[in-house]
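Participant: Model the following, please.
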Amino acid sequence: MDKIIRCITSDGAIMASAIDASDIVFTAKKLHNLSRSATAALGRLLCATSMMGNMLKQKDAFINLRVLGDGEMGAVVAVGDSRGNVRGYVENPDCPTEYYNSGKINVAKAVGKNGTLSVMRDYGTGDPYIGQVELCSGEIAEDITNYFATSEQIPTVCALGVLINKEDGEVLLAGGLLIQLLPGAYDEAIDRLEENVKNLEPVTTMLAKGMSILDICKTALQGFEVEVLDENPVNYVCSCSREKLERYFMTMSDEEIRTLPDESGKTEAVCQFCNKRYAFTRDDLERLIAEKNS
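Facilitator: All right, here's what the predicted structure looks like:
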């Protein structure tokens, strides 16, 4: 079972989150039939979105991250709630995969280095916060780090990883680590953290060694006294429903609704996040029109 954890140093200088999202990314790959590059890109963004969503304090708050570069992948989108549950999709799930000389997937080539990372936080008040920065690498983790530094002025370290079996393309491991300096962090703490980060192994390497997400946080914060704020399971969760689609249809004009059915008298809506299909007959749509006008 996937888990997420949030920790803080006892001196209040540093906050750290870590996630094991192996099942989440495995599920995303299966749902969307993703290529290896699309799996790596969406998997990284899902990990980041889960950790950032888990930072939200309001119960019904959610966060939406959208990476749009000039590569063949198109938009990469992930949505997370305040418990860290996530869902997402890729505009071009069949995006071709290229590799660096090291054997790692060239996510930057697929995503594109020119484009934007957009972050929207909705606290349920009807006045969402929206921030946007230019992509700095297209590798996702560096772009998340740049977003926090540029848009929110929070010094941040972000590490994201998806380990894919080279033989069959299946997801073996996926996870992430997000570390942030809090206001008032002193120079000694900053220097110690920088030294720790230099020696950190990739997240998937640490997971492959059997390290827990708490072990990963403690390794990143070696030399500090670490307190656990919370730890909970996370899943790939889609919130789509027939009722939500009906409410959406009822925002349309009567004429627009009546143009939806095909020659057979039916229309079908497919959820971008989970590929679930919802069928509506002409009679279903006429019922909605009647309800809308009643």
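Participant: which other residues reach stretch 126-139?
Facilitator: 44, 67, 69, 71, 107-123, 142-143, 146-147, 150-152 (C-beta atoms under 8 Å, 6 or more residues apart in numbering). C-betas here are computed from N, CA, C, even on glycine.
Participant: Kindly apply the preceding question to stretch 278-289 instead.
Facilitator: So stretch 278-289 is contacted by 242, 245-246, 249-250, 254, 257-258, 260-261, 265-271 (C-beta under 8 Å, 6+ apart).
Participant: can you give me how far the strand ranked longest in the chain is from the chain middle?
Facilitator: Taking DSSP state E as the criterion, the chain has its longest strand at strand 171-181. Strand 171-181 sits 11 Å away from the centroid of its parent chain (C-alpha atoms, centre = their mean, to the nearest Å).
Participant: swap in stretch 75-90?
Facilitator: 4 Å.
Participant: C-alpha coordinates for it, CSV please?
Facilitator: Extracted as CSV, the C-alpha positions of stretch 75-90 are listed here (Å, rounded to 0.1, in the frame of the first residue of the first chain):
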residue,chain,number,x,y,z
ALA,A,75,0.0,18.5,-21.4
VAL,A,76,0.7,16.4,-18.3
VAL,A,77,-1.9,17.0,-15.6
ALA,A,78,-2.3,15.8,-12.0
VAL,A,79,-4.9,16.6,-9.4
GLY,A,80,-4.5,15.9,-5.7
ASP,A,81,-6.6,16.3,-2.5
SER,A,82,-5.5,17.3,1.0
ARG,A,83,-4.9,13.6,2.0
GLY,A,84,-2.5,13.1,-0.9
ASN,A,85,-4.9,11.0,-3.1
VAL,A,86,-4.2,11.8,-6.8
ARG,A,87,-5.3,11.2,-10.3
GLY,A,88,-3.9,12.4,-13.7
TYR,A,89,-3.5,12.0,-17.4
VAL,A,90,-1.2,12.7,-20.3
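Participant: Any buried residues in it, and which?
Facilitator: 76-90 (16 or more other C-beta atoms under 10 Å).
Participant: In strands, which of these fall?
Facilitator: Among these, the ones falling in strands (DSSP E) are 76, 77, 78, 79, 80, 81, 86, 87, 88, 89, 90.
Participant: Filter the contacts of stretch 278-289 down to the buried ones, PyMOL style.
Facilitator: Buried residues among those (16+ other C-beta under 10 Å), as a PyMOL selection:
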select buried, resi 246+249+257+261+267+271
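Participant: State the distance from residue 17 to residue 177.
Facilitator: For residue 17, the distance to residue 177 equals 7 Å [C-beta to C-beta, to the nearest Å].
Participant: got it, and residue 129?
Facilitator: 24 Å.
Participant: Model confidence for residue 218, exactly?
Facilitator: The model reports residue 218 with a pLDDT of 97.
Participant: Can you tell me, leaving aside adjacent residues, what's nearest to it?
Facilitator: Leaving aside its chain neighbours, residue 218 sits nearest to residue 226 (5.5 Å; criterion: C-beta to C-beta, 6 or more residues apart in numbering).
Participant: so where do the strands sit in the stretch 101-250 of the chain?
Facilitator: Assigned by DSSP state E, counting those that start in this stretch, the stretch 101-250 of the chain shows strands spanning 115-122, 129-134, 156-164, 171-181, 226-233.
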